[in-house]
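# Predicted model and sequence below, questions to follow.
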Amino acid sequence: MRNPHNLRTVRRLIIFCAVICALVALPMLSRAQSATSVNIVNNSGRSVIHVYLSHVNADDWSGNQLGDATISPGQSFNLGNVACDAQQVKVIAEDQNGCFLSTVVNCGDNATWTITNDTAADCGG
């Protein structure tokens, strides 16, 4: 015959472990669902033809966020509801010459990124 005291102890231990797992997972779930918006202002002399998103320390770029649009000089484009699964997201712009510009924005904030002629660009050289 089983000891009822041992069964209660095992049940309490299982419930305790389930509660701890739920408390640990809760912050990860809320982070996975955070979103931000980024307003890209093009004050440069070049057109932005593609915009991508990536994790900050990785080259895992998303698809083109502009669709068929471009951001001409003097125009802006708002990326709304950018999903974030970390505290920051990298925004990468490609200009008409194939050069890449990037910035990092904090998730949960509404950010503005102003691209100028002085914004550092990676042209593969």
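That came in fine, so what should we check first? None of the values given here were measured: they were computed from a predicted structure.
# Just list the residues touching the residue lying closest to residue 53 once chain neighbours are set aside, thanks.
Sequence neighbours aside, residue 62 is the residue nearest to residue 53 in space, at 4.4 Å (criterion: CB to CB, 6 or more residues apart in numbering). Heads up, the C-betas are built off the backbone N, CA and C, glycines and all. If a contact means CB atoms under 8 Å, 6 or more residues apart in numbering, then residue 62 has 52-54 as its contacts.
# Export the residues you listed as CSV, with columns for distance to residue 86, neighbour count and pLDDT.
Compiled in CSV, the contacts of residue 62 are given as follows (distance: CB to CB, whole Å; neighbours: other CB atoms under 10 Å; pLDDT from 0 to 100):
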residue, distance to residue 86, neighbour count, pLDDT
52, 16, 19, 95
53, 11, 19, 93
54, 11, 16, 93
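# Among those, find me the one that's closest to residue 35.
Residue 35 lies nearest to residue 53 out of those, by CB to CB, at 11.7 Å.
# Give me the subset of the contacts of residue 62 that lies in strands.
Among the contacts of residue 62, DSSP state E puts 52-54 in strands.
# Can you tell me which of those residues is closest to residue 101?
Nearest member of these to residue 101, counting by CB to CB, is residue 52, at 11.0 Å.
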